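>>> model this:
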Amino acid sequence: RNAMFSKVEQDLGSLQSFIDAGTLDYVLFCIPPGTSGSWIAYAYIKYWISVYNDRWCEYPSVLMHEIGHNIGLALSGEKNNKYGDQSGIMGFSYDQDEGPMMCFNGAKTYQLGWFQDFHRQVESNHPFHWQGA
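Model (predicted):
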């Protein structure tokens with residue numbers, strides 16, 4: 001990633017200046033095959049860089065997941081699996097180019113402030129106790 005970043009900035013100038021000018025919002029680095037390890041992708045929280053290993057750059061769920069980090073979202077885990085919540089794209093990512101048809105779940109869209117016309121805040125003087133499976 002560092003070599004690619006340096007080459008882009010050598011050829012085009014400071015990427016940060018493009019971000020600051022509003023010319024770019026996010027920069028995705030697709031690393032060619034041959035890197036060490038079995039990593040898939042990573043992104044910086046509330047930052048404009050995401051990095052993808054080889055063909056993982058081609059899969060929409062991976063792209064959406066990592067851009068989710070760029071816009072400030074954390075992982076969606078369940079139990080002991082930090083990617084375990086499959087109700088939205090911030091859980092596990094899929095190596096498919098035509099699916100799955102997923103988006104950010106309700107909790108994430110609420111966190112982002114999307115669809116505010118549909119937000120409802122309910123207050124109660126009684127504590128809520130869940131019973132069930």
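>>> where exactly do the strands run in the chain?
With strands called from DSSP state E, the chain shows them at 27-31, 41-43, 49-53.
>>> Show me what the last one is packed against.
Taking 3 or more C-beta pairs under 8 Å, 6 or more residues apart in numbering; DSSP states H and E as the contact definition, the neighbouring helices and strands of strand 49-53 are strand 27-31, strand 41-43, helix 60-70. Heads up, the C-betas are built off the backbone N, CA and C, glycines and all.
>>> What is the end-to-end distance of stretch 37-45?
Stretch 37-45 stretches 22 Å from its first residue to its last (C-alpha to C-alpha, to the nearest Å).
>>> Could I get the average pLDDT for that stretch?
Regarding stretch 37-45, the rounded mean pLDDT is 92.
>>> which residues sit against it?
Stretch 37-45 is contacted by residues 49-53, 56-57, 62, 65-70, 72-74, 93 when judged by C-beta atoms under 8 Å, 6 or more residues apart in numbering.
>>> likewise stretch 87-97?
Counting by C-beta under 8 Å, 6+ apart, 40-41, 55-56, 58-62, 64-65, 68, 73-78, 83-86, 100, 102-108 sit against stretch 87-97.
>>> what's the spacing between that stretch and its chain's center?
Stretch 87-97 has its C-alpha centroid displaced from the chain centroid by 10 Å (C-alpha atoms, centre = their mean, to the nearest Å).
>>> Buried ones in it, by neighbour count?
G88, I89, M90, G91, F92, S93 (16 or more other C-beta atoms under 10 Å).
>>> Output those residues as a markdown table; include the columns pLDDT and distance to G34.
What follows is the buried residues of stretch 87-97, written out as a markdown table (pLDDT from 0 to 100; distance: C-beta to C-beta, whole Å):
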| residue | pLDDT | distance to G34 |
| --- | --- | --- |
| G88 | 89 | 32 |
| I89 | 92 | 28 |
| M90 | 93 | 29 |
| G91 | 90 | 29 |
| F92 | 84 | 25 |
| S93 | 82 | 21 |
